[in-house]
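Peer 1: Sharing a model prediction with you, sequence too.
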Amino acid sequence: MATKQPPPLMKKHSQTDLVSRLKTRKILGVGGEDDDGEVHRSKISQVLGNEIKFAVKEPLGLRVWQFVTAVMFSGVAIMALAFPEQLYDAVFEEESVNSKTPIRLYGGALLSISLIMWNALYTAEKIIMRWTLLTEACYFGVQFLVTSITLVESGRGSTGATLLLISRVLFVLISFYYYYQLGRRPKKV
C-alpha cells in the first residue's frame, strides 16, 4: 500500500503580506480612528491612552512669569559676574566693596539657577514646573531675609534695598500662587 505523502507545509509570511497585516490590525482595532478621533498605532497606546489627555492645564500667565524670572535671574547673574561693584552699590548704596569674589560667586550661582529657569520654560511636566517655582520662592525668601538682616546690622536703609525687599515679597507671593495653582487637582465635570 502506498501512502500518499502530504504536501509540504507552506509558511505564510504574515509580516510581509500587506493584506494580512491590515486584517490583523483591523481585528485588533488599531490603526483606525476611535470615537475621540485619535489614531492609535498599537494596542498598548490604545489601552493606556494618549498623553495629551493628561496635559497640565496651566494657570493664566504662568509662562510669562517663567520667562520674566528667567530673564531676571540671567540679568542679575551677568551683572554680578561682570560688574560686582555696581550691583552692590545699587542695592546698598555703598561704593566700598571689600572683595568682588563673593559677589561673583553669587553671580555664578544665579547663572546656574537661571539655566534651570530657562529649561523649565520649555517643559510640559507639572512636577518640574512646581519644583522650579518652589526654587524661585525659596531663593526670593532667603534673599529677603539676608538683605533685611544686612540692613538691620548696618543700621542704614537705602531706597534700592527697600525696593528690593518689596519686590522680593511680591515675587514670593507670585511664585507660591503659581506653585499652588499647579498643585490643585482639576475639578471633575
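Peer 2: Here it is on my side, so go on. Numbers count the residues shown, from 1 in each chain.

Peer 1: okay, CA-based contacts and neighbour counts for the rest of this
Peer 2: Noted.

Peer 1: thinking Y179 is in contact with K126, fair?
Peer 2: No - taking contacts as C-alpha atoms under 8 Å, Y179 lies outside contact range of K126: 9.8 Å.

Peer 1: More neighbours: the two, which one.
Peer 2: Applying other C-alpha atoms under 10 Å to Y179 and K126 shows that Y179 carries more neighbours, namely 22 against 17.

Peer 1: By mean pLDDT, point me to the weakest helix or strand of the chain.
Peer 2: Ranked by mean pLDDT, DSSP states H and E, the weakest helix or strand in the chain is helix 43-48, scoring a mean of 58.

Peer 1: which is the next helix or strand following that one?
Peer 2: Next along the chain after helix 43-48, taking DSSP states H and E as the criterion, comes helix 62-82.

Peer 1: then that next one to PDB, C-alphas only?
Peer 2: Provided in PDB are the C-alpha atoms of helix 62-82 (Å, rounded to 0.1, in the frame of the first residue of the first chain):
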ATOM      1  CA  LEU A  62       2.500  81.100  34.200                       C
ATOM      2  CA  ARG A  63       4.700  81.000  31.100                       C
ATOM      3  CA  VAL A  64       5.100  84.800  31.200                       C
ATOM      4  CA  TRP A  65       6.100  84.600  34.800                       C
ATOM      5  CA  GLN A  66       8.600  81.800  34.000                       C
ATOM      6  CA  PHE A  67      10.100  84.000  31.200                       C
ATOM      7  CA  VAL A  68      10.300  87.100  33.400                       C
ATOM      8  CA  THR A  69      12.100  85.200  36.200                       C
ATOM      9  CA  ALA A  70      14.500  83.500  33.700                       C
ATOM     10  CA  VAL A  71      15.400  86.900  32.300                       C
ATOM     11  CA  MET A  72      15.700  88.400  35.700                       C
ATOM     12  CA  PHE A  73      17.900  85.700  37.100                       C
ATOM     13  CA  SER A  74      20.100  85.800  34.000                       C
ATOM     14  CA  GLY A  75      20.400  89.600  34.000                       C
ATOM     15  CA  VAL A  76      21.400  89.800  37.700                       C
ATOM     16  CA  ALA A  77      23.800  86.900  37.300                       C
ATOM     17  CA  ILE A  78      25.600  88.600  34.400                       C
ATOM     18  CA  MET A  79      25.700  91.900  36.200                       C
ATOM     19  CA  ALA A  80      27.100  90.200  39.300                       C
ATOM     20  CA  LEU A  81      29.700  88.400  37.200                       C
ATOM     21  CA  ALA A  82      30.700  91.400  35.100                       C
END
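
Peer 1: center of this protein - which residue?
Peer 2: Central residue of the chain (C-alpha atoms, centre = their mean): A120, 2.8 Å from the mean position.

Peer 1: Would you mind confirming that that residue is in contact with R130?
Peer 2: No - with contact defined as C-alpha under 8 Å, A120 and R130 do not form a contacting pair (9.4 Å).
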